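> what's the 3D shape of this:
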Amino acid sequence: MLNLLNKTVVIHQPDFLSYLGFFDRLLKCDLYVILDHVQYVRGTSRSWMNRDKIKTANGEKWLTLGVEKAPVGTPINQIMLKKSVEWRDNNLNLLRENYRKACFFAEIFPYVEKMYDFKCERMMDFSLNALEILLSLLDIKVEMVLSSTLDPQYKSNEMLVDILQKVQATIYLSGVGARDYYDPEPFAATNIEVIWQDFKHPVYPQLYGEFIPYLSTIDMLFNCGTEQSRNIIRS
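Below you'll find the model as predicted:
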């Protein structure tokens, strides 16, 4: 249950079809600040903004949005999708081919088609529309705001604290991946408590043999359907 005396905030980039741990954090916060004004990063271990992994008969495989090349330093909210429909068709075919035998394919695939039918030019708009669909399927309701509307200042930890102060946060719920560049001083100086996510990945029925964790949430939905997925992510 949320503590009404505190305001817990999550700050994260608008990733595409995120894994279950991301939605676990949204279940435990009052506000999600969508970090859309920072640099778009591509082709590194930090790059989940235009892609996530699904499971195939041959193991993990990337499901990737088609985006236009952009100069280094381009903000996430200025990354444009490729106008060609080829990448949309390829994504749909990849999902259809690998999940058509999943127990809840007939229930979930129409929602996936709705994602790819969404007409927009920016990558961020596509990902946020997909996020809204996943939040509805998982029955997660959370307030959201774009960081670009908050006139964020500074960089790194100081930037996070600036954003947290502007949304009147008392608690910052962070993913453990941020520990490597965490500086406690600016948080302590503003009396913002930092809580590190303690996420234990659930195991659920999956196609193609041994369970693989940390895939896109769409994998769980295809295999378990909406009702069971809602229970799994809250277990």
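> for this structure, what are the low-confidence residue spans?
1-4, 44-46 (pLDDT under 70).
> how about a cut-off of 90?
Segments of the chain classed as low confidence (criterion: pLDDT under 90) are 1-5, 41-48, 177-181.
> and the gap between the residue nearest to R88 when sequence neighbours are not counted and L65?
For R88, ignoring the flanking residues on the chain, the nearest one in space by Cβ to Cβ, 6 or more residues apart in numbering is Y116 at 4.8 Å. Quick note: C-beta positions are derived from backbone N, CA and C, even for glycine. Distance of Y116 to L65, given as Cβ to Cβ, to the nearest Å: 10 Å.
> And the helix or strand hosting Y116, what does it pack against?
Using DSSP states H and E, Y116 sits in helix 105-117. Contacts defined by 3 or more Cβ pairs under 8 Å, 6 or more residues apart in numbering; DSSP states H and E place helix 105-117 against helix 86-99, helix 123-138, helix 217-233.
> In JSON lines, list the ones you listed along with distance to Y32.
Formatted as JSON lines, those follow (distance: least, Cβ to Cβ, whole Å):
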{"stretch": "helix 86-99", "distance to Y32": "25"}
{"stretch": "helix 123-138", "distance to Y32": "9"}
{"stretch": "helix 217-233", "distance to Y32": "15"}
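> dump the residue contacts of the nearest residue to L137 once chain neighbours are set aside.
Here the nearest residue to L137 in space, its sequence neighbours aside, is T226; by Cβ to Cβ, 6+ apart that works out to 5.0 Å. Taking Cβ atoms under 8 Å, 6 or more residues apart in numbering, we find T226 in contact with F104, E107, I108, L137, L138, D139.
> any idea how far the residue lying closest to the first one once chain neighbours are set aside is from N91?
Once its chain neighbours are removed from consideration, F104 has its nearest residue in G225; the separation is 3.7 Å (Cβ to Cβ, 6+ apart). Relative to N91, G225 is positioned 21 Å away (criterion: Cβ to Cβ).
> try E227
Computed as Cβ to Cβ, the E227 to N91 distance reads 26 Å.
> just to revisit the earlier point, compare Y116 and L65 and say which one has the larger neighbour count.
Ranked by neighbour count (other Cβ atoms under 10 Å), Y116 and L65 place L65 first, with 21 against 17.
> So what does the nearest residue to that one once chain neighbours are set aside have for phi and psi?
Excluding the flanking residues, the one nearest L65 by Cβ to Cβ, 6+ apart is N50, at 4.4 Å. Torsion angles at N50 (phi, psi; degrees, to the nearest 10) stand at phi -120, psi 20.
> So that it lines up with my notes, have the first residue be 34 from now on.
Happy to do that; since the first residue is 34 now, the last one works out to N83.
> Contact partners for N83?
F49, R75, T97, L98, V100, I112, M156, S160 are the contacts of N83 under Cβ under 8 Å, 6+ apart.
> Restricted to helices, list those residues.
Among the contacts of N83, the members falling in helices (DSSP state H) are M156, S160.
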